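# Sharing a sequence plus its predicted fold:
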Amino acid sequence: MLRALKASHLTAGLIVVLVGYTSSVAIIFQAIAAVGASQAEAASWMMALGLGMGITTLVLSLATRMPVLTAWSTPGAALLATGLDGVSLPEAVGAFLFCGALLTLTGLTGWFERLARLIPEHLANALLAGVLFPFGLAAFKALGSDTTLVAGMALAFLVGRLALPRYAVPLALVVGVGIAAVTGQFSSAQTLGFALSAPIFVMPAFDWTVLLGIGLPLYVVTMCSQNIPGVVTLRGSGYQPPVSLALTVTGLASLLLAPFGGYAFNLAAITAAITAGPEADEDPKTRYLASVVAGLAYCLVGLGGAAVIGLFLMAPPALVAAIAGLALLGTIGTSLSRALEAPEGREAALVTFMVALSGASFFGIGAPFWALIIGYGTHALMSRRRP
């Protein structure tokens, strides 16, 4: 395995961790604050989340030889940040355990995997393109806010594509870090302190109102807004993901780590496209090594707890936006091309893409779920028309 390791695997794995933390760690902190957790308990949360993502990613990627990447539930964190007001930490942990049990049961029964197989390929690619498109667009929007940094990274990326296609993204990252360092855009690191985190066990308390009001919605948004796009991401990259196995592993991780702050784990979507795409490796058979690198990095960051998160918050937003957009550029283009390839499925694919891109949310469930529902309805209706 070490002989097959490439620089592109290392870069893709590290970009995953950078993007994953900088894009949503602030929401996690809000959820922690909502239950009134102490500083030590907050560090335990970050440790549990980092180790949970790292271990589940390593287990699934090594077992399947696919770039199966996991993540914490970002929409779940947003739900917790707004819904945990007035809920005690033990009651919140009880809701986390309830969600973990539902995720595990979903994986063991296999019903979700059977449902995922019914999604037509052109709708899956359209959904993937719609989910990823804002990240590609953000890179170009950042060009207006930090022209020197983003233009330098884009130029390095283009030069890399011409001269060293496999290392285009690593080259853009190195140039971006160099420009940010020279122009003084990194935040001061003087307040950072490094220490290994200690897990703090919280005895759960079960209140049926909290289980139904927090635990059940946490399961629903995790399935609809995270696991469905996660499956689509891997399928769009040419893989047949082990859906039931992934749900079982992430569900068990949620059950084991919930008392320490690991509220919910699921298949990654946005960051998974980085390790599953051609920028990670031209050979699809060895792209899983990029996920292995990401899993190891997640474990290391988790052991550092909240203190290490400051390192990710130091990076200028334009650098994170640019490197994520550039890394996803190939996947976005391929997904759009495949989604619109067949004329008979073009309308449904466009509807799926537009709904996913809109960000429309109903009943607390995000746009990816509704894009799939509306797109599939359009597909079924258009399939009835005569040639």
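Cool, got the structure.

# Quick check: chain neighbours aside, which residue is closest to residue 351?
Once flanking residues are discounted, residue 351 sits nearest to residue 378: 4.6 Å by C-beta to C-beta, 6 or more residues apart in numbering. The C-beta positions use only the backbone N, C-alpha and C, and glycine is treated the same way.

# next one: residue 83
In space, and not counting its chain neighbours, residue 83 is closest to residue 214: 5.6 Å by C-beta to C-beta, 6+ apart.

# how much space between the one you found and residue 93?
Distance, residue 214 to residue 93, using C-beta to C-beta, to the nearest Å: 11 Å.

# Could you do residue 367 as well?
Taken as C-beta to C-beta, the span from residue 367 to residue 93 is 30 Å.

# what's the answer for residue 384, then?
Counting by C-beta to C-beta, the separation of residue 384 from residue 93 is 49 Å.

# neighbour count winner among the two?
Comparing residue 384 with residue 93 by other C-beta atoms under 10 Å, the one with more neighbours is residue 93, at 24 against 6.

# Could you check how far the more buried one is from residue 253?
Distance, residue 93 to residue 253, by C-beta to C-beta: 15 Å.

# Can you tell me the centre-most residue of this structure?
Centroid-nearest residue in the chain, with C-alpha atoms, centre = their mean: residue 268, separated by 3.7 Å.

# wouldn't it be in contact with residue 232 here?
No - at 11.7 Å, residue 268 and residue 232 do not qualify as touching, with contact defined as C-beta atoms under 8 Å.

# any shared contact partners between the two?
When C-beta atoms under 8 Å, 6 or more residues apart in numbering defines a contact, no residue borders residue 268 and residue 232 alike.

# Below-threshold pLDDT in the stretch 101-250 of the chain: ranges please.
Along the stretch 101-250 of the chain, the parts satisfying pLDDT under 70 run over 116, 166-167, 187-196.

# just the helices in it please.
111-116, 121-145, 147-163, 168-182, 208-210, 216-222, 228-236, 243-257 (DSSP state H, counting those that start in this stretch).

# Deepest in the core, which of the ones you listed is it.
Across the helices of the stretch 101-250 of the chain, averaging neighbours per residue (mean count of other C-beta atoms under 10 Å) puts helix 228-236 on top, at a mean of 28.

# For that one, name the packing helices and strands.
Packing partners of helix 228-236 (3 or more C-beta pairs under 8 Å, 6 or more residues apart in numbering; DSSP states H and E): helix 121-145, strand 265-267, helix 270-276, helix 317-339, helix 367-382.

# Please compute how far it lies from its chain's middle.
Offset of helix 228-236 from its chain centre (C-alpha atoms, centre = their mean, to the nearest Å): 11 Å.

# Kindly report the same for stretch 264-275.
On the basis of C-alpha atoms, centre = their mean, stretch 264-275 sits 3 Å off its chain's mean C-alpha point.

# I'd like the numbering to begin with 44 instead of 1 from here.
Okay, using 44 as the starting number, the last item reads as stretch 307-318.

# Check the average confidence over it, would you?
The average pLDDT for stretch 307-318 rounds to 87.

# Repeat that for stretch 412-422.
Computed over stretch 412-422, the mean pLDDT rounds to 84.

# who's in contact with it?
With contact meaning C-beta under 8 Å, 6+ apart, stretch 412-422 is reached by 162-163, 166, 169-170, 173, 267-268, 271, 388, 390-392, 394-396, 398-399, 403-405.

# which of those residues are buried?
Buried residues within these, defined by neighbour count using 16 or more other C-beta atoms under 10 Å: 162-163, 166, 169-170, 173, 267-268, 271, 388, 391-392, 394-396, 398-399.

# that older thread, let me know which of the helices of the stretch 144-293 of the chain is the nearest to residue 384.
Ranking the helices of the stretch 144-293 of the chain by proximity to residue 384 (C-beta to C-beta) places helix 164-188 first, at 7.2 Å.

# neighbours around residue 129, how many?
Counted with other C-beta under 10 Å, the neighbours of residue 129 add up to 9.

# quick one: it is in a strand?
No - under DSSP: H, G, I helix; E, B strand; the rest coil, residue 129 sits outside any strand and is assigned coil.

# Look up how far residue 276 lies from it.
Using C-beta to C-beta, we find residue 129 at a distance of 36 Å from residue 276.

# hmm, back to that, out of the helices and strands packed on helix 271-279, flag the one nearest residue 80.
When the helices and strands packed on helix 271-279 are compared (using C-beta to C-beta), the closest one is strand 308-310, at 18.9 Å.

# and that closest one, what does it pack onto?
helix 82-107, strand 113-115, helix 271-279, helix 286-300.

# ok and the longest one relative to helix 286-300, angle-wise?
Put plainly, it is helix 82-107. Here the directions of helix 82-107 and helix 286-300 differ by 150 degrees (axes from the mean of the first three to the mean of the last three C-alpha atoms, to 10 degrees).
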